[in-house]
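[1] Give me coordinates for this.
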Amino acid sequence: MARPVSPIKQRSAESEMTGSMDAAAGMGSKDGHAAATDADVVYLHGVLEATVFEADHLHNAIHGRIIKATEKLEQSLGVHSVQHGSLYVDIDVGAARVARTREVEFHPTSPAWNQSFRLHCAYPAAAITFTVKSQHLVGASVLGRASVPTTSVAAGRPLELWLDLRGGEHRHETHTPRLRVRLRFLDVARDPCWDAGVRLPGFAGIKPAFFPERTNCNVTLYQNSHLSDGFDPSVRLAGGRPYRPARLWEDLYVAIRDARHFVYIAGWSVNTAITLVRDATRMVPGAEGVTLGELLKRKADEGVAVLVMPWQDKTSVAFLGNAGVMKTHDEETRAFFHGTNVRCFLCPRDAEAGLTLVQSIEISTEFTHHQKTVTLDVATQGSADGRHVVRRRETHAVPATRHDLLPRLHAEQLQARLAAPRRAEGAVARRALQDRGTRGVGRARHFEHRWKKQAPRRLRGCLLDLSTATFPDPCSFNDGDGTDDSWNVQVFRSVDDASVVGFPTDPAEAAAVGLTSGRTSRSTGAYRSATSPPRSGRRERFAVYVRDADVAEGEPASDSIQAIVRWNRLTVEMMYRVVMEAIDDAGLRGQAHPCDYLNFFCLGNREAPCPGEYVPPVKPEEGTDYWRAQVSRRCPIFVHAKLMIVDDEYVIVGSANLNERSLAGNRDSEIAQGSYQPAHLNGPCGGRARGLVHGFRMSLWHEHLMGKASDGVSLEPESVECVHAVRCAVEALWQAYTRDRVEDLRGHLLPFPISVSEFGEVTDLPADGCFRTRGRR
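    Numbers count the residues shown, from 1 in each chain. Model prediction:
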């Protein structure tokens, strides 16, 4: 499914660079900024190894002597009245900020960082720029910058050189400050694992990473919170076995109910009032009407260690009755568990200690703990008393009000959603959301790291011993039918050491386990590495299917949502430009269409009225969006899932969105799980993966494409025939979604509201730029 397209041709440097380099020479700017032309731009796709050693003559001699004299005077008087800003270096590849060193104490002439980075790049850039900055109480000042042309590093030869620093707030008339760096670029084509899929025994997970890949695991993939008994994707796995999709909330209820020792929950939001089991035709004994909060209190009363750690939204104030900007109802969760045996504390998104007051306020109020995990003990199959640790990762809040895509919503769900008919303009009657989740065997190290770092001291002793001596891992997950369904699993996370314990303090040791030491903190980079974008020089078939929300969650007309829509659109346009450039490089203009390789979709639903369905007691005001939704019967489905399936053999599911906020490491904290089955991989001689990842993808397609995923063409999703078949099915759904006659929508996949020309130009769909959702354009 993700076979890469050929890249923009790279240019190599004609001569090796050594010694000293004037940052402005050949770059057309005395302040170090590159005045680049198109001919200077090189597409760097691979790993850039960068080391920042030290600076020399950062301040002029007179200024340096004054600073030194001032420091000696302060020491002799025992005062420290002059505060010097700490120093750090930003690294940019083109317009992308890719790294930042840690902050070091002020030095008047020659500060040293001696810090290395391993940076995954996929950027068109003319230069790699180093900017030396001084951090102040508010903001930072530039002391100088220098650039290295990307043509000098693209060939892969290592460079170690002194760069002349230009610009900055201080003039350097008597000398030139310098920065010593080392650069080496490793093109992705040199990676033996690139474009080869998962090949054993060579592949052993993403490296470097804090959590290594683990073998002999058990994983369950969930495509929805609930599925009806009538849902049958008719998918066959290797050996002819039928694929049976799992039901998340039923399994979660049973797992919590049967836990004997511990239940650990970390969530962006924890809704205690949600009912996990609702389907009367599949009612679990004793589950009817039982809320999550009641279930957790019941387990705590039984002696199970129940620890709940929701994110604390600092904009919610309990005594004011304020639900907070994000409406997570964290104070309600705390109040619900107050005075019970459940140990619950609201976990803030703290900033690292070295930041300024303004930066600390920004981090703690604007960013979140976005992770969603449930970790507990379950019975070990084949053992009378054995228990082992199971970890669940959800892409939704734990659990929030996410509904499955049943043909009809339950009457009680509709009543709750439609009880207030006179809503604000823009309300939607029945807004479904789609999420994904996983269940796997493993340790609870991440939860423990966060609890030990941020829980109140009185609660830190509540953690149990979850070592393998207490909870040994099962020996095997085979079902005894001769099939090998074991998994290899690796956990990725985006988090800094303001939120967890266990990170090494030495930058070299941190880099060895995939951490980035930036300014005053250490954060993980493996999540970003696992989602590095693909490019390849091979001219082979590939197809990418992207499913996204047609609009972000919130009021569509608001400035914040419109900004998200704009950046989404710019990203889509950029991606089609890249595909079109590759088509031109291959000489296929006029023969291939960009949509033969890359397509974007969204989800929606439409239902005709049926006897006995819920009718609100008060009719909505005519002309409102709520009224239009009732008349047109259209309902957008918000795509809240975060997952990627590659070649039917590898799947990554987690909490992160594909944006800087989620992936930076020092903003929202995130977690994900990458998994594959060693016994079910694509073979080098054309064998196709037909394991549970394949079954999961086919089941999703069955749900979205009117049950047509069982067609033979869907077995080769990279083929142009499959792409055309999917687009044809989506067009039929679009026609049913937009026509005046109301009918049940048999599938849910709709075209993203764009149209792409044969030259990769992106325009609106429909032409007026308004997407039909609430009955109007």
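[2] which residues does Phe117 contact?
    Phe117 sits next to 48-51, 91, 98-99, 511, 516 when contact means CB atoms under 8 Å, 6 or more residues apart in numbering. From N, CA and C alone the C-beta is placed, and that goes for glycine too.
[3] Now, those that are in helices?
    Ala511 (DSSP state H).
[4] which one of the contacts of Phe117 has the most neighbours?
    For the contacts of Phe117, neighbours were counted by other CB atoms under 10 Å; the highest total belongs to Thr516, with 26 neighbours.
[5] returning to what we had before: out of the contacts of Phe117, which comes closest to Leu750?
    Leu750 has its nearest neighbour among the contacts of Phe117 in Val98, at 35.7 Å by CB to CB.
[6] so what's the closest one up against?
    Here Val98 is in contact with 48, 91-92, 117, 119, 121, 123 (criterion: CB under 8 Å, 6+ apart).
[7] out of the contacts of Phe117, which are inside strands?
    When DSSP state E defines the strands, the subset of the contacts of Phe117 inside them is 48-51, 91, 98-99, 516.
[8] What is the lowest-pLDDT residue among these?
    Across the set of those, Thr516 stands lowest in pLDDT, at 74.
[9] That one contacts Ala99, correct?
    Yes - counting by CB atoms under 8 Å, Ala99 is a contact partner of Thr516 at 6.9 Å.
[10] thinking again about what came up before, show me which pair in the contacts of Val98 is furthest apart.
    Phe117 and Tyr123 (14.6 Å).
[11] where does the stretch 301-450 of the chain have low pLDDT?
    Scanning the stretch 301-450 of the chain for pLDDT under 70 picks out 318-322, 354, 382-384, 391-443.
[12] How about the stretch 1-150 of the chain?
    The stretch 1-150 of the chain contains residues with pLDDT under 70 at 1-38, 59-85, 108.
[13] can you give me the strands in it?
    Along the stretch 1-150 of the chain, counting by DSSP state E, counting those that start in this stretch, strands occupy 19-22, 42-56, 87-93, 96-100, 112-125, 127-135, 140-149.
[14] chain center to stretch 256-263, what's the gap?
    Relative to the mean C-alpha coordinate of its chain, stretch 256-263 is positioned 29 Å out (CA atoms, centre = their mean, to the nearest Å).
[15] scratch that, stretch 545-554 is what I was asking about
    14 Å.
[16] Other residues contacting that stretch?
    Residues contacting stretch 545-554 (CB under 8 Å, 6+ apart): 1, 560-561, 564-565, 568, 598-604, 636, 638-640, 717, 726, 749-750, 752-753, 771, 773.
[17] could you give me the average pLDDT of it?
    Mean predicted lDDT for stretch 545-554 stands at 83.
[18] got the buried residues for it?
    In terms of neighbour count (16 or more other CB atoms under 10 Å), stretch 545-554 has its buried residues at 545, 547-552.
[19] between those residues, which is closest to Leu292?
    The closest of the buried residues of stretch 545-554, once distances to Leu292 are taken by CB to CB, is Ala549, at 25.6 Å.
[20] coming back round to it: can you convert the buried residues of stretch 545-554 into TSV and add a column each for secondary structure and distance to Pro177?
    Formatted as TSV, those follow (DSSP: H, G, I helix; E, B strand; the rest coil; distance: CB to CB, whole Å):
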residue	secondary structure	distance to Pro177
Tyr545	strand	51
Arg547	strand	50
Asp548	coil	46
Ala549	coil	48
Asp550	coil	51
Val551	coil	49
Ala552	coil	44
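[21] Which one of these is nearest to Gly686?
    Using CB to CB, the buried residues of stretch 545-554 come closest to Gly686 at Tyr545, 22.0 Å.
[22] and the closest one, how far is that from Gly665?
    28 Å (CB to CB, to the nearest Å).
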